[in-house]
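Asks: next comes the sequence, and after it the predicted model I'd like to discuss.
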Amino acid sequence: MAKMATSMVQNGEDAFRNIFKFYKRRNPPPDFSDVIDFSKGAVGDRIVPAVLKPSAVSDVEAARVGLQPVRDWRAFSLQGYPGFMFISNPFLQGSQPPWVRQCLKTYTQKPNVCNLDMHMSPSDTEDIWGKSVHALSCPPSGKREAKTLLERLRWVTLGYHYNWDTKTYSSSHYTPFPADLHSLSSHITAACGFPGFTAEAGILNYYRPDSSLGIHVDESELDHSRPLLSLSFGQSAIFLLGGLNRQDPPTAMYMHSGDVMVMSGQSRLLYHAVPRIVSAPTLEMDPSSWSSSLQDGAAVEPVSEEDWAVCSRYIQSSRVNVTVRQVLGPGQSFPETPSSHQTRTDAGQMDGYHERPADGDSGKRKRSSSVDSVDTVET
């Protein structure tokens, strides 16, 4: 990134915005040679091995949520980004499909909230999976049919439901957080040195090939001492991690399916964005390869052939990102009158705002003063 940043950015400019636009560019396509690929496992001046705590999670506990033994994880840190940790696909072979199925079939159901609720009746969004499965199960035909609800999905919120307009959480807008995702999150964070992490809020973002995530900082949670956890499934993405100021040139890295990021400490409040979705070099998932012995007591059930046919077709062109947060610290509670806790975002020149990447339909609805249109969708 240093070479490109030097050639593109002048002192005092919005370096992050310039590099975001560079990677978002379609014609001519950008040069990806500066993008870090942690899957290659190379360490150097900037990339260093991260220290994990294998004793914090037993092999059995890890397997129950589909994770390899912690001692086998490939975890990295970046010089200049204290508190940032990247884990290159710690999932067991065949254990990603159940999580993909949860994101598409289970977490999309009521009482969880999604972008479609903003302009559709509750009865219309009651069973997004069920109303989409037939069309997605059929082989694609020459004639392009209308998008299914699943294909129109851009975000889902879990637990404390994020208010996109006020950029706040509240005690009055809460539904139980999924136990399986809490278990997965607590094991990952414990292995990274954060025991006792409580998953209280989740935002799932659904990216189409032309989606992007605007420049933003995650600071709506009341407790910033707890890490932010991000999991990626499906197609790959370019992730930009910057500094405390927009003038700081960001570092570009790939997020492939199964990759995990943990942002804690100083990195918890850094600017970041996703300017582009890129085709995964290989994206082969065989649900049957998850050993039956590991499925006993597993947090999620195996995926049926029928369900996987739909999931597989979806992720061949799309990406799902899951961010999990602890909103409240020990002894904390929400203020009686939620404040307008603003998140630092782009001022409107980009496609996405706080955790809401935009797709090709974003221009169909007028934007509000602070968030993207409801047809757009992440962190």
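Replies: Sure, I can see it.

Asks: every contact and neighbour count from this point should use C-alpha atoms.
Replies: OK.

Asks: the closest residue in space to Ile315 that isn't next to it in sequence pairs with what?
Replies: In this structure, Ile315 finds its nearest non-sequential neighbour in Gly234, 4.8 Å apart by CA to CA, 6 or more residues apart in numbering. For Gly234, the beta-bridge partners are Arg319 (DSSP bridges).

Asks: pretty sure Gly234 contacts Ser257?
Replies: Yes. Gly234 lies in contact with Ser257 (CA atoms under 8 Å); the separation is 5.1 Å.

Asks: what about the two, which has more around it?
Replies: Neighbours around Gly234 and Ser257, counted as other CA atoms under 10 Å, are more numerous at Gly234. The numbers are 29 against 25.

Asks: how far away is the more buried one from Trp164?
Replies: Plainly put, Gly234 is 25 Å away from Trp164 if you go by CA to CA, to the nearest Å.

Asks: by mean pLDDT, which helix or strand of the protein comes out lowest?
Replies: Least confident helix or strand, the chain: helix 2-8 with a mean of 52, by mean pLDDT, DSSP states H and E.

Asks: and the helix or strand following that helix, what does it pack against?
Replies: Under the assignment DSSP states H and E, the closest C-terminal helix or strand after helix 2-8 is helix 15-24. Applying 3 or more CA pairs under 8 Å, 6 or more residues apart in numbering; DSSP states H and E, we find helix 15-24 packed against helix 2-8, strand 272-278.

Asks: confirm for me that Thr157 is in contact with Ala201.
Replies: Yes. Using CA under 8 Å, Thr157 is in contact with Ala201, at 7.4 Å.

Asks: where do the helices of the protein begin and end?
Replies: Secondary structure of the chain (DSSP state H): helices located at 2-8, 15-24, 59-64, 96-101, 133-137, 149-152, 179-191, 292-295, 305-315.

Asks: of these, which is nearest Tyr81?
Replies: Tyr81 lies closest, by CA to CA, to one member of the helices of the chain: helix 2-8, at 14.8 Å.

Asks: give me the distance between the residue lying closest to Gly297 once chain neighbours are set aside and Thr189.
Replies: Leaving aside its sequence neighbours, Gly297 sits nearest to Arg64 (CA to CA, 6+ apart; 6.3 Å). Going from Arg64 to Thr189 by CA to CA gives 16 Å.

Asks: and the two? which has more neighbours close in?
Replies: Applying other CA under 10 Å to Arg64 and Thr189 shows that Thr189 carries more neighbours, namely 23 against 20.

Asks: all strands for this protein, in order.
Replies: All strands of the chain, identified by DSSP state E, fall at 47-49, 75-78, 84-87, 113-114, 155-159, 201-207, 213-216, 228-234, 236-241, 251-255, 260-263, 272-278, 319-325.

Asks: ok, the residue nearest the centre of the chain - contacts?
Replies: By CA atoms, centre = their mean, the chain has its centre lying nearest to Asn321, at 2.7 Å. Asn321 sits next to 204-207, 230-233, 378-379 when contact means CA atoms under 8 Å, 6 or more residues apart in numbering.

Asks: buried among those? Make that a ChimeraX selection.
Replies: With 16 or more other CA atoms under 10 Å as the criterion, this ChimeraX line picks the buried residues out of the contacts of Asn321:
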select :204,205,206,207,230,231,232,233,378,379
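
Asks: out of the contacts of Asn321, who's nearest Leu181?
Replies: Leu231 (10.8 Å).

Asks: pretty sure that closest one contacts Val322?
Replies: Yes. Using CA under 8 Å, Leu231 is in contact with Val322, at 5.1 Å.

Asks: give the contact list for the closest residue to Ser318 other than its chain neighbours.
Replies: Excluding the flanking residues, the one nearest Ser318 by CA to CA, 6+ apart is Arg208, at 4.9 Å. Residues in contact with Arg208, defined by CA under 8 Å, 6+ apart, are 277, 317-319, 359.

Asks: out of the residues you listed, who's nearest Tyr271?
Replies: Taking those together and measuring to Tyr271 by CA to CA, the closest member is Ile277, at 18.6 Å.

Asks: skipping its backbone neighbours, what lies nearest that closest one in space?
Replies: In space, and not counting its chain neighbours, Ile277 is closest to Ala237: 4.3 Å by CA to CA, 6+ apart.
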